[in-house]
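# Any chance you could fold what I've pasted below:
(2 chains)
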Amino acid sequence: MIIKKVVELIESDQVLQDYKVNGWVRAFRSNRFIALNDGSCLENLQCVVDFENTDDEVLKKITTGAAISVSGTLKESEGKGQSVELEVKSIDILGEAHPEDVKKTILQPKKHSFEKLREQAHLRVRTNTFGAVMRMRSKLSFAVHQYFNDNGFYYVNTPIVTGSDAEGAGEMFKVTNLDLKNPPKTEDGEIDFSQDFFGKETNLTVSGQLEAETYALGLGKVYTFGPTFRAENSNTTRHLAEFWMIEPEVAFCDLEGNIDLAEDFIQYVLKYITEHCKSDLEFLENRLLEEEKSKPEKDRSPMPLREKIDFVLKNNFKRVSYTEAIDILRNSKPNKKKKFNYIIEEWGADLQSEHERYLVEKHFGCPVVIYDYPADIKAFYMRLNDDGKTVRAMDVLFPGIGEIAGGSQREERYDVLLSKMREIGIDEKELWWYLDTRKFGTCVHSGFGLGFERLVLFATGMSNIRDVIPYPRSPQNAEF
RNA sequence: UCCUCCUUAGCUCAGUUGGUUAGAGCAUCUGACUGUUAAUCAGAGGGUCCAAAGUUCGAGUCUUUGAGGAGGAGCCA
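Take a look at the predicted model:
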């Protein structure tokens, strides 16, 4: 007997052949129709049981959630709603699921809130929505590697435990195996990290960028794609304490090249999923349309999901300097009418998310790249412009998501970098290796960091970042 | 961390100015039916109204505190 996945049978025209399929029961209707799902695709395989010639004990165990193995003949479906169905000859119950227990879980076939699904994150992947989201997450992840591989990038695994806290990207989680109840102390009462596992204070990485830079200055084009940790007390739909970040870093590449790369990369991976996740996308689009029916008109998305993705594929990202952006905002209606919570008055102000949203969603109506930010509001490693007050930074802003990627041309001049570090109090002894790269064959180079979950958020149309990662880690939540 | 809102059956939610025995749909159980698409029909069971304290003759409803959750803001990806 040939064992097949549901996706293979649904797309098959090899009817009248016998197959075996393993999967989980989604529904058992009329004592006759099993909706079988094995995760290989959104669709269920309809398995038609000859209930008059099947043991009652077996029939009773065909319940929602049960794992079963069915063998039978693939036929054109007699009913509507599917093109093929499996005429069952034998059924093995592999793992039972008792209805009295199932009714307490999100497996029971009905609508559940995303909050409830989060509480049962170990079961939520068995729902249509999470099956679709997680298949798309996987495809997107593959597309990321495909893009970089095809474009001459090398995949670099930067360390997850880092010895420096000078990166300044956010609060960090400490890594230690000291006895927390009784840590060794130095003479002046501080914790003595020289006795810790690594002989120094260590943290979980907030970015692989600095290490990636050193590899770009040897391999040419590199990227990282790994877990990243921020101990910020952020409680939003766009933040996680543990998330996956993609960080390309390219030698001999300036900011324009960096923006080109970001745009080309994002368009490539989105195009990939429109071609490889058709039914999942269609399902998620319909789910969203259904959900939006209950919303007031003004809160509805102007475009269905697939149209929104297509729009990003077909239109260039609007590139605008920080200075131009400030002018637009200063002259905007919400600014003049004081509708913004933070009124833009002077050059140098940090853009709040309400401003970013205005630019992306109201003014331009497309993804926007803002570049050449004031040096004062950006990180120390960004290349200082000749004007002495702006740096070669860029943020990619997406509708509904905000900042999806942020990057810069890196400061490649040793003296400028060193004085900047001293100015803001970063210990140059900690980053001696980073400074070293500016001494030995330094060159123009650039890169950016892109939050993978934010990409998945956009591609799936989901609204909470906790619903696009299997087990979200956020403040007060590390269940599972 | 700040602001706002929420917590009633397994789930989603009603619950009137504070007044008898707290309701509905779905799910579950029992039975019927069998080409169904979240199958349908009939009946049954199912509640520490998030927790504690308070006001009151009387609290699901009002007050205070706490816990958990959601949305927005900040920080950022």
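# Does the residue of the stretch 51-200 of chain A found nearest RNA strand B belong to a helix, a strand or coil?
Nearest to RNA strand B in the stretch 51-200 of chain A, going by C-beta to the nearest atom of the strand, is residue A:79, at a distance of 2.3 Å. Bear in mind the C-beta positions are built from the backbone N, C-alpha and C, glycine included. At residue A:79 the chain is in coil, as set by DSSP: H, G, I helix; E, B strand; the rest coil.
# How about residue A:264?
Going by three-state DSSP: residue A:264 is helix.
# Please tell me the pLDDT value assigned to it.
According to the prediction, residue A:264 has pLDDT 97.
# Please name the residues that touch the nearest residue to residue A:28 once chain neighbours are set aside.
Among residues not flanking residue A:28 along the chain, residue A:62 sits closest, at 4.9 Å (C-beta to C-beta, 6 or more residues apart in numbering). Going by C-beta atoms under 8 Å, 6 or more residues apart in numbering, residue A:62 touches A:25, A:28, A:34, A:49, A:68, A:91, A:93.
# so which of the residues you listed comes closest to residue A:375?
Nearest to residue A:375 out of the contacts of residue A:62 is residue A:25 (C-beta to C-beta; 60.4 Å).
# any idea of the mean pLDDT for the helix or strand hosting that closest one?
Assigned by DSSP states H and E, residue A:25 belongs to strand A:18-29. Average pLDDT, strand A:18-29: 93.
# got it, and stretch A:418-428?
The average of the pLDDT scores along stretch A:418-428 is 89.
# is RNA strand B contacted by it?
No. Figure legend: stretch A:418-428 not in contact with RNA strand B (C-beta under 7 Å from any atom of the strand); closest approach 12.7 Å.
# coming back round to it: pull out the CA atoms of the strand holding residue A:25 and give them to me as CSV.
What follows is strand A:18-29, C-alpha atoms only, in CSV (Å, rounded to 0.1, in the frame of the first residue of the first chain):
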residue,chain,number,x,y,z
ASP,A,18,-5.5,2.4,-3.4
TYR,A,19,-3.6,4.5,-0.9
LYS,A,20,-3.0,4.8,2.8
VAL,A,21,-3.2,8.1,4.7
ASN,A,22,-2.3,9.0,8.3
GLY,A,23,-3.8,12.1,9.9
TRP,A,24,-6.1,13.6,12.5
VAL,A,25,-9.9,13.7,12.4
ARG,A,26,-11.2,17.2,12.0
ALA,A,27,-14.9,16.2,11.9
PHE,A,28,-16.9,13.0,11.5
ARG,A,29,-20.3,13.7,9.9
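# Run the angle between whichever helix or strand comes after it and strand A:18-29 for me.
Next along the chain after strand A:18-29, taking DSSP H and E as the criterion, comes strand A:33-37. Computed by axes from the mean of the first three to the mean of the last three C-alpha atoms, to 10 degrees, the angle separating strand A:33-37 from strand A:18-29 equals 110 degrees.
# Please work out which residues outside whichever helix or strand comes after strand A:33-37 touch it.
Heading C-terminal from strand A:33-37, the first helix or strand you meet, by DSSP H and E, is strand A:45-48. Contact with strand A:45-48 is made by A:6, A:9-10, A:21, A:23, A:32-38, A:70, A:72, A:77, A:79, A:81-82, A:85-88, as judged by C-beta under 8 Å, 6+ apart.
# ditto for stretch A:238-246
Outside stretch A:238-246, the residues touching it (C-beta under 8 Å, 6+ apart) are A:144, A:173, A:207-208, A:223-232, A:234, A:401-402, A:449-455, A:457, A:465-466, A:469, A:472-475.
# ok, and of those residues, which contact RNA strand B?
A:207, A:230, A:232, A:234, A:402, A:449, A:450, A:451, A:453, A:454, A:465, A:466.
# before we move on, the earlier item: and which of the contacts of residue A:62 is nearest to residue A:303?
Once C-beta to C-beta is applied, the member of these that ends up nearest residue A:303 is residue A:25, at 36.5 Å.
# per-residue pLDDT, residue A:295?
With respect to pLDDT, residue A:295 scores 65.
# Repeat that for residue A:176.
92.
# Pull the number of nearby residues for the closest residue to it other than its chain neighbours.
Leaving aside its chain neighbours, residue A:176 sits nearest to residue A:196 (5.4 Å; criterion: C-beta to C-beta, 6+ apart). Residue A:196: 18 surrounding residues under other C-beta atoms under 10 Å.
# and what of the one 5 residues further on?
Residue neighbour count, defined by other C-beta under 10 Å, stands at 16 for residue A:201.
# ok, now residue A:230?
Around residue A:230 there are 21 other residues, counting by other C-beta under 10 Å.
# Do a quick rundown of the helices in the stretch 1-150 of chain A.
A:6-10, A:56-61, A:99-102, A:114-119, A:128-150 (DSSP state H, counting those that start in this stretch).
# Do stretch A:244-258 and RNA strand B come into contact?
Yes. Using C-beta under 7 Å from any atom of the strand, a contact is recorded between stretch A:244-258 and RNA strand B, made by residue A:245.
# about what we covered before: list the buried ones in the strand holding residue A:25?
With burial defined by 16 or more other C-beta atoms under 10 Å, the residues of strand A:18-29 counted as buried are A:19, A:20, A:21, A:22, A:23, A:24, A:25, A:26, A:28.
# is it true that residue A:28 touches residue A:51?
No. Judged on C-beta atoms under 8 Å, residue A:28 makes no contact with residue A:51 at a distance of 10.1 Å.
# so which residue of the stretch 301-450 of chain A comes closest to RNA strand B?
At 3.2 Å from RNA strand B, residue A:352 is the closest residue in the stretch 301-450 of chain A, using C-beta to the nearest atom of the strand.
# Just give me the neighbour total for the closest residue to residue A:361 other than its chain neighbours.
Of all residues not flanking residue A:361 in the chain, residue A:399 sits nearest, at 5.2 Å (C-beta to C-beta, 6+ apart). Residues lying near residue A:399 (other C-beta under 10 Å) number 21.
# Check what pLDDT residue A:399 gets.
For residue A:399, pLDDT reads 86.
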